[in-house]
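S.K.: how does the following fold in three dimensions:
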Amino acid sequence: MNDYKPCGPLMDITVTSGTLKEIHLPHFICVDSVSSADNAVKALHVKGSEVSLERCELTRFHAKLLNPTFSLFGVIAQCFPYFFMKFHCETLIYRTKTPSLKLHVYLILKDPKLKEEVEKTEENNMRIIKPKPDKALKIDDCYTLKTSCDSTIKPPSLNLTTRKANFFDVHIKDAEECIELHIMTKEDEKIWDVNIESDEFSMNSSVSDSRQSTSSTTVGNRPVREILLEHLEYLKDEDLILFKWYLTEDDAAFQKTPECKLEKAVRCDIVTCMIKQHGVDGAAELTMTILRKMQKNNDAEQLQKKLDIKD
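M.R.: Below you'll find the model as predicted:
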């Protein structure tokens with residue numbers, strides 16, 4: 001197995017009764033001609049001491065297997081094409097609880113395990129939710145972070161890795177106005193660009209710091225807005241267009257959202273817009289309502305469980 005690299009989490013799956021016709025394993029590969037080439041990507045199947053590889057069909061975020069026999073599963077790629085592939089990534093921003101403004105800006109693969117490790121490490125800090133990079137990125141490529149204000153950034157650059165959640169430690173010297181953050185490739189191409197308003201990084205902000213607001217804005221240690229964003233990220237682009245359309249339609253329980261607010265809105269903007277208009281609980285209920293209208297009942301049920309909402 002030294003000729004292969006991991007492209008998703010290893011999952012232990014069992015079926016207690018019945019027969020499953022297919023399974024979708026999560027991965028963080030950007031599906032293109034390189035990744036979809038014959039034998040480039042396989043499903044790893046581990047049963048006891050036996051290890052085998054199986055063909056799989058790649059969709060945007062999952063690898064589909066038909067008539068699976070269960071044990072340990074994961075998605076892997078051959079080493080040679082692996083370093084030419086591109087991968088879905090995300091950025092995580094945390095404001096440390098210090099008098100001066102310090103940010104931890106993570107650039108990681110869209111890997112649930114890596115994200116969980118970051119959330120555990122930063123559980124005492126304040127999360128600032130922003131969109132992920134628009135473009136898929138290459139493993140081991142070098143990236144730099146720049147700001148629009150006077151700041152100190154360490155390290156000056158970092159490499160995207162599969163196993164480690166690296167971050168930029170950013171010290172902002174004068175943080176009274178909006179801050180612009182952007183990540184650049186070694187060729188000076190901008191792959192991520194966001195603005196952080198002053199009320200978002202304020203430690204007194206009830207919107208940004210869920211631990212200082214009411215209990216209805218969190219479930220366990222997770223902000224509700226983060227759970228809602230996670231479920232919008234599951235939607236394909238065409239599904240997101242439909243979701244935004246439902247937001248602009250009249251509903252007996254919810255006031256419609258003006259189209260101008262959603263025209264260029266990305267997923268995190270949509271969550272922010274719903275919370276501002278309907279409150280945290282209303283945004284959660286509206287999201288479940290629209291998912292059901294879109295015939296995504298399973299997604300709505302999973303969201304309801306995560307939010308611990310009783311029927």
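S.K.: which outside residues touch stretch 258-275?
M.R.: Defining contact as C-beta atoms under 8 Å, 6 or more residues apart in numbering, one finds that stretch 258-275 is touched by 129-131, 207, 225, 228-229, 232-233, 235, 240, 243-244, 247-248, 257, 282-283, 286-287. From N, CA and C alone the C-beta is placed, and that goes for glycine too.
S.K.: count of neighbours near the closest residue to Glu22 other than its chain neighbours?
M.R.: Using C-beta to C-beta, 6 or more residues apart in numbering and skipping residues adjacent in sequence, the residue nearest Glu22 is Leu66, 5.0 Å away. When neighbours are counted by other C-beta atoms under 10 Å, Leu66 registers 12.
S.K.: surely His221 is in contact with Glu123?
M.R.: Actually, residue 221 is Asn. It isn't His. Yes. Look at Asn221 against Glu123 with C-beta atoms under 8 Å: they come within range, at 6.1 Å.
S.K.: hang on, isn't Lys21 packed against Leu66?
M.R.: Yes. Lys21 is within contact range of Leu66, at 6.8 Å (criterion: C-beta under 8 Å).
S.K.: three-state assignment of His45?
M.R.: What DSSP: H, G, I helix; E, B strand; the rest coil gives for His45 is strand.
S.K.: A helix includes Leu240, no?
M.R.: Yes. Per three-state DSSP, Leu240 lies within a helix segment.
S.K.: residues in contact with it?
M.R.: Taking C-beta under 8 Å, 6+ apart, one finds 232, 267, 270 in contact with Leu240.
S.K.: hang on, the earlier thing: so which of the contacts of stretch 258-275 sit within helices?
M.R.: 225, 228-229, 232-233, 240, 243-244, 247, 282-283, 286-287 (DSSP state H).
S.K.: list only those of those flagged as buried.
M.R.: 225, 228-229, 232, 240, 243-244, 247, 283, 286-287 (16 or more other C-beta atoms under 10 Å).
S.K.: export those residues as JSON lines, with columns for distance to Thr91 and pLDDT.
M.R.: Listed next are these as JSON lines, based on distance: C-beta to C-beta, whole Å; pLDDT from 0 to 100:
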{"residue": "Arg225", "distance to Thr91": "16", "pLDDT": "87"}
{"residue": "Leu228", "distance to Thr91": "18", "pLDDT": "93"}
{"residue": "Leu229", "distance to Thr91": "13", "pLDDT": "90"}
{"residue": "Leu232", "distance to Thr91": "16", "pLDDT": "92"}
{"residue": "Leu240", "distance to Thr91": "19", "pLDDT": "92"}
{"residue": "Phe243", "distance to Thr91": "22", "pLDDT": "94"}
{"residue": "Lys244", "distance to Thr91": "23", "pLDDT": "93"}
{"residue": "Leu247", "distance to Thr91": "25", "pLDDT": "93"}
{"residue": "Ala283", "distance to Thr91": "22", "pLDDT": "90"}
{"residue": "Leu286", "distance to Thr91": "26", "pLDDT": "92"}
{"residue": "Thr287", "distance to Thr91": "22", "pLDDT": "94"}
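S.K.: many thanks, we can stop here.
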